[in-house]
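J.: coordinates for the following, if possible.
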Amino acid sequence: MKKFFLFTSFFLITVMQAVAQYNNDKSTIKSIMKRVADWQIANPNTGAEHDDLDWTHAALYMGMLDWAELTEKEDSDNSYYEWLLRIGRRNHFQMGKWMYHADFIAVGQPFIDLYLKYGNKKMIAPVMARANWVVENPAETTLELDYGNLETLDRWSWCDALFMAPPVYAKLYALTKDKKYLDFLNKEYKATYDYLYDKEEHLFYRDRRYFDKREANGKKVFWGRGNGWVLGGLAEILQTLPEDEPSRAFYQDLFVILATRVAGLQSPDGYWHASMLDPASYPSPETSATGFIVYALAYGVNTGLLDKTTFMPVIEKGWKALVDAVDSDGKLGYVQPIGADPRRVTRDMTEVYGVGAFLLSGCQIYKMVDK
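T.: The predicted structure follows:
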């Protein structure tokens, strides 16, 4: 027993020393996040699918919000909040174009958070109007529609959607206590879970097109960022739903199962690659998947949902890998471009949602050190 105690103590000390050695003094973490955030602000992406109100930027804003909260608290710097407010004001805090599509309500998440901080009803009225209409006029399409049919996008028929839309309804429920938002969230999320979750592999298919596809090694096709989207979305939901809400148990149990499965698929280099089960076919790093996964795992450890001894080595390797992908000027590399399946990635590739994932994960790492 004494030997076991000494070994366990040595193991924990070694893990924590390794974490501190790499990037985990607070000033170093803040410095790297500031470089990444400032580079992205100075180098905006205005190409296709990069409208202010698009899902790509919604993911960026969520990371920027956590970063803005940290810098205001620690440094009395509200410049990042001002940046977010300028974007909201010039778009009148509106939602995207499509009424039902999850990607076009995703921007409601940061706008709700801005409302919670500033109390201006103009910041929440558009997302509430959109959500109310969708809840009261639910889409009549089925998830089984061919993915080429645009109407299938009226439901959460692809796993990315579980990051984009569900947290909006969770936040509105937490804000208003109106059960209609919670009932809609639970019904639609569980329908997607039943449709896309592989109960043998404990991973999510991206969409129905991948049910029968196989990787070069014969394994099923599970996209790295796709499962990162799901884990990140679950972390957002769990941060929002009240602890005593009975339906929270479903999301919490799924979070632990998925986090455990994904943690076991980390590559030796610390990254999660574009393909979860065939990393050899996609050997390059992939920082958007890695960012969302590190964010979720670090959140899980910080809140006691995940075991520190088991997950800390995984988190530490993942964070070090993310930092290694940042150029000296702050550009985050190895971000897989917009897509739906595993693709090859190079260091010069970057994207706004990758930066959002990096900032989300960095803020959780900072909280970890703060403890």
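
J.: which element is the most centrally placed residue in the chain on?
T.: Within the chain, the residue whose C-alpha comes closest to the C-alpha centroid is G232; the distance, by Cα atoms, centre = their mean, is 3.1 Å. Taking DSSP states H and E as the definition, G232 sits inside helix 224-240.

J.: tell me what that helix is packed against?
T.: helix 161-164, helix 166-176, strand 203-204, helix 248-263, helix 287-302, helix 352-370 (3 or more Cβ pairs under 8 Å, 6 or more residues apart in numbering; DSSP states H and E). Every C-beta, even on glycine, is put in place using the N, C-alpha and C of the backbone.

J.: neighbouring strands - and their directions - for the shortest one?
T.: I take that to be strand 203-204. strand 197-198 (antiparallel) (DSSP bridges).

J.: which of the helices and strands packed on helix 224-240 sits most buried?
T.: When the helices and strands packed on helix 224-240 are scored by mean count of other Cβ atoms under 10 Å, the highest mean neighbour count falls to helix 287-302 (a mean of 29).

J.: report all helices and strands that the next helix or strand after that helix contacts.
T.: Downstream of helix 287-302, the next assigned helix or strand under DSSP H and E is helix 308-324. If contacts are counted by 3+ Cβ pairs under 8 Å, 6+ apart, helix 308-324 sits against helix 2-22, helix 248-263, helix 287-302, helix 352-370.

J.: can I get the ones you listed in JSON lines including mean pLDDT and distance to A165?
T.: JSON lines is the format used below for these (pLDDT from 0 to 100; distance: least, Cβ to Cβ, whole Å):
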{"stretch": "helix 2-22", "mean pLDDT": "45", "distance to A165": "34"}
{"stretch": "helix 248-263", "mean pLDDT": "98", "distance to A165": "14"}
{"stretch": "helix 287-302", "mean pLDDT": "98", "distance to A165": "16"}
{"stretch": "helix 352-370", "mean pLDDT": "96", "distance to A165": "15"}
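
J.: tell me which of those lies nearest to Q40.
T.: Of all the helices and strands packed on helix 308-324, helix 352-370 sits nearest to Q40, with 4.6 Å by Cβ to Cβ.

J.: I'd like to know which elements that closest one is packed against.
T.: For helix 352-370, the packing partners by 3+ Cβ pairs under 8 Å, 6+ apart are helix 2-22, helix 26-42, helix 55-75, helix 224-240, helix 287-302, helix 308-324.

J.: let me know which of those is tucked in deepest.
T.: Counting by mean count of other Cβ under 10 Å, helix 287-302 has the highest mean neighbour count of those, with a mean of 29.

J.: before we move on, back to that, with distance to F184 added, can I get the helices and strands packed on helix 224-240 in CSV?
T.: Listed next are the helices and strands packed on helix 224-240 as CSV, based on distance: least, Cβ to Cβ, whole Å:
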stretch, distance to F184
helix 161-164, 14
helix 166-176, 6
strand 203-204, 20
helix 248-263, 14
helix 287-302, 23
helix 352-370, 25
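
J.: out of the ones you listed, nearest to L60?
T.: So among those, helix 352-370 is nearest, using Cβ to Cβ, at 4.0 Å.

J.: ok and that closest one relative to helix 26-42, angle-wise?
T.: 160 degrees (axes from the mean of the first three to the mean of the last three Cα atoms, to 10 degrees).

J.: and helix 352-370, how far out from the chain middle?
T.: 10 Å (Cα atoms, centre = their mean, to the nearest Å).

J.: now that helix against helix 224-240, angle please.
T.: Taking the same axes, to 10 degrees, one finds helix 352-370 and helix 224-240 inclined to each other by 50 degrees.

J.: restricting to C-alpha, output helix 352-370 in PDB.
T.: Provided in PDB are the C-alpha atoms of helix 352-370 (Å, rounded to 0.1, in the frame of the first residue of the first chain):
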ATOM      1  CA  VAL A 352     -11.400  31.500 -37.600                       C
ATOM      2  CA  TYR A 353     -13.100  28.500 -35.900                       C
ATOM      3  CA  GLY A 354      -9.700  27.000 -35.200                       C
ATOM      4  CA  VAL A 355      -8.800  30.200 -33.400                       C
ATOM      5  CA  GLY A 356     -12.000  30.100 -31.400                       C
ATOM      6  CA  ALA A 357     -11.300  26.500 -30.300                       C
ATOM      7  CA  PHE A 358      -7.700  27.500 -29.300                       C
ATOM      8  CA  LEU A 359      -9.000  30.400 -27.200                       C
ATOM      9  CA  LEU A 360     -11.700  28.200 -25.600                       C
ATOM     10  CA  SER A 361      -9.100  25.600 -24.700                       C
ATOM     11  CA  GLY A 362      -6.500  28.100 -23.500                       C
ATOM     12  CA  CYS A 363      -9.000  29.800 -21.100                       C
ATOM     13  CA  GLN A 364      -9.800  26.400 -19.500                       C
ATOM     14  CA  ILE A 365      -6.100  25.600 -19.200                       C
ATOM     15  CA  TYR A 366      -5.700  29.000 -17.500                       C
ATOM     16  CA  LYS A 367      -8.400  28.100 -15.000                       C
ATOM     17  CA  MET A 368      -6.700  24.800 -14.400                       C
ATOM     18  CA  VAL A 369      -3.400  26.600 -13.400                       C
ATOM     19  CA  ASP A 370      -5.400  29.100 -11.400                       C
END
